[in-house]
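**Q** build me a model:
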Amino acid sequence: MRRIMMGMAGLLMTPLLAAPQVQVVGLFPGAAVLSVDGQRKLVRVGQSGPSGVQVVSVDSRSAVLRVDGVERSYGLSREYNTEGVAAPQKQTLSIARSNGGHYWAEGAINGRAQQFLVDTGATSIALNENHARRLGIDYRTRGQPIQVNTASGTAKGWRVTLDKVSVGPLQVLGVEAVVLEGASPAEALLGMSFLNRVGWRVENNLLVLQSHL
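**A** Numbers count the residues shown, from 1 in each chain. Here you go, the predicted model:
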C-alpha cells in the first residue's frame with residue numbers, strides 16, 4: 001500500500017506541460033503569421049508552425065488554428081510582453097543614390113542574401129528565373145502563371161508569395177513577387193509590394209524607408 005501511495009505522490013509532483021502561448025499577428029491570403037512562445041513564423045493553410053500549431057483556415061479577420069489537437073478561432077492580436085504592451089519601434093533605412101542615379105539596397109529573400117535595384121515603377125518585387133533558382137523559390141509548382149507587360153513586350157511569369165523579405169533592418173512577411181521567364185530583369189527589382197508595406201520617401205537624394213508602427 002505504501003509503495004502505491006508513493007507512486008501516486010510521484011505522479012502528483014510531475015509538472016503539467018504548459019500550453020504554448022499562441023497569437024496571430026498577421027493575416028494574408030492562405031497564410032497567417034503566428035507568434036508561438038515568442039517565435040514568429042509565416043505558416044500557410046494546412047501546414048504546421050512552431051510547437052506543431054497548425055493553420056486550418058484563414059480569412060481577413062481571423063485564423064482557425066489547431067493547438068494540441070483542439071481547433072479554435074484566433075483573431076488578429078497585438079503582441080505583449082511581461083511588462084505590458086510591447087512598444088513598437090520604427091525601423092529606418094536611408095539609401096544614397098548611386099552615380100547612375102539608381103538606388104541599390106542589400107537585403108535578403110527567405111533568409112538568403114539578395115541585392116535589389118529599387119524600382120518604384122514596379123508593381124511588385126520582380127525576379128528572373130536564375131534569381132528564383134538561387135533563392136530556392138519553387139515558382140513553377142507553387143506560383144500562379146501570369147502574363148506580364150514589360151518594356152520589351154509581354155512575358156510569361158509566375159506570381160508567388162515570398163515568406164520573408166528583408167532590407168537592412170526592415171523585414172516584411174508574406175510579400176508578393178513575380179518571377180519572369182528568362183534572364184530579365186537582369187537585377188532583382190524591389191517594387192511596390194514591399195515599398196508600400198514599409199513606407200518610403202525621397203529626401204536630398206536619399207531614399208528613406210521606414211517601417212509602419
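
**Q** bridged to the most centrally placed residue in the chain, which residues?
**A** Note on the chain: the residue nearest the mean C-alpha position is residue 173, at 1.8 Å, using Cα atoms, centre = their mean. Judged by DSSP bridges, the bridge partners of residue 173 are residue 164.

**Q** who are the contact partners of it?
**A** Residues near residue 173 by Cβ atoms under 8 Å, 6 or more residues apart in numbering: 26, 28, 33, 42, 163, 164. From N, CA and C alone the C-beta is placed, and that goes for glycine too.

**Q** in the sheet, who's paired with the second one?
**A** It refers to residue 28. What pairs with residue 28, by the bridge criterion (DSSP bridges), is residue 31.

**Q** could you pull out the helices for the protein?
**A** 2-13, 129-135, 139-142, 192-198 (DSSP state H).

**Q** confidence-wise, which of the ones you listed is weakest overall?
**A** When these are ranked by mean pLDDT, helix 2-13 comes last with a mean of 42.

**Q** distance of residue 73 from residue 42?
**A** According to Cβ to Cβ, to the nearest Å, residue 73 stands 19 Å off from residue 42.

**Q** show me how this protein divides into domains.
**A** What automatic domain parsing lists as the domains of the chain is 20-81, 92-210.

**Q** mean pLDDT for those: which is lowest?
**A** domain 20-81 (a mean of 84).

**Q** any idea how far that one is from the chain center?
**A** 13 Å (Cα atoms, centre = their mean, to the nearest Å).

**Q** ok, residue 199 to residue 212 distance?
**A** 6 Å.

**Q** quick one: residues contacting residue 143.
**A** Counting by Cβ under 8 Å, 6+ apart, residue 143 has contacts 158, 159, 160, 179.

**Q** all good on my end, thank you.
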